[in-house]
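Student: Sequence first, predicted coordinates after that:
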Amino acid sequence: MATTTISDFVIWIKHVHDGADITQRILDLQAGETINLTVDGMPGTWRKMDDGKDGRPTRGIRPLGRTQDVWRSWFSARRGELVNLELTAGGAGAPRAPHLLSRPLARSDHERAAALEALLDAGNQGWRSEGPYGSRDELHERP
């Protein structure tokens with residue numbers, strides 16, 4: 001059985017001890033793939049972190065869903081503690097969505113242009129008054 005230190009909002013591979021099999025399973029995951037782990041008796045799903053901007057893999061996993069809420073509360077209350085870490089029966093989570101394998105977060109030129117136009121036009125999308133507001137004194141006049 002492996003152990004890990006509660007030291008961040010994610011589990012970093014360098015903080016996993018005595019678990020070469022679990023460490024290797026996590027390292028073998030592609031960015032975005034999930035794995036089911038039981039941490040300190042609580043089963044949950046963890047997602048391999050996305051690769052860095054330079055293409056190097058990020059060596060950590062982040063909790064998903066209910067597991068994220070529990071892990072964050074543990075991080076606040078139990079920072080620095082060692083907890084048990086083991087593969088849940090089945091071990092593998094859901095595979096990464098096939099449409100993300102080839103072009104993660106890729107957008108077409110048309111989508112980029114539309115997003116930029118909407119951003120630059122944001123000031124014209126709010127509420128507009130029909131007439132002048134009046135003087136400052138009239139606006140702040142109290143009954």
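Tutor: Ah, there it is.

Student: I would like the residues contacting the longest strand anywhere in the chain, please.
Tutor: Counting by DSSP state E, the longest strand found in the chain is strand 82-92. Contacts to strand 82-92, defined as CB atoms under 8 Å, 6 or more residues apart in numbering, come from residues 1-6, 11, 16-17, 19, 21-22, 25, 34-41, 43, 74. For every residue, glycine as well, the C-beta is placed using N, CA and C.

Student: Give me the nearest residue to the residue most central in space within the chain, chain neighbours excluded.
Tutor: By CA atoms, centre = their mean, the mean C-alpha position of the chain lies nearest to residue 62, the distance being 6.7 Å. Distance criterion CB to CB, 6 or more residues apart in numbering; nearest residue to residue 62, sequence neighbours excluded, is residue 10 at 4.5 Å.

Student: give me the low-pLDDT residue ranges for this structure?
Tutor: Along the chain, segments meeting pLDDT under 70 span 90-106, 125-134, 142-143.

Student: Okay, helices next: where are they in the chain?
Tutor: With DSSP state H as the criterion, the chain has helices at 20-28, 66-78, 99-102, 109-120, 136-139.
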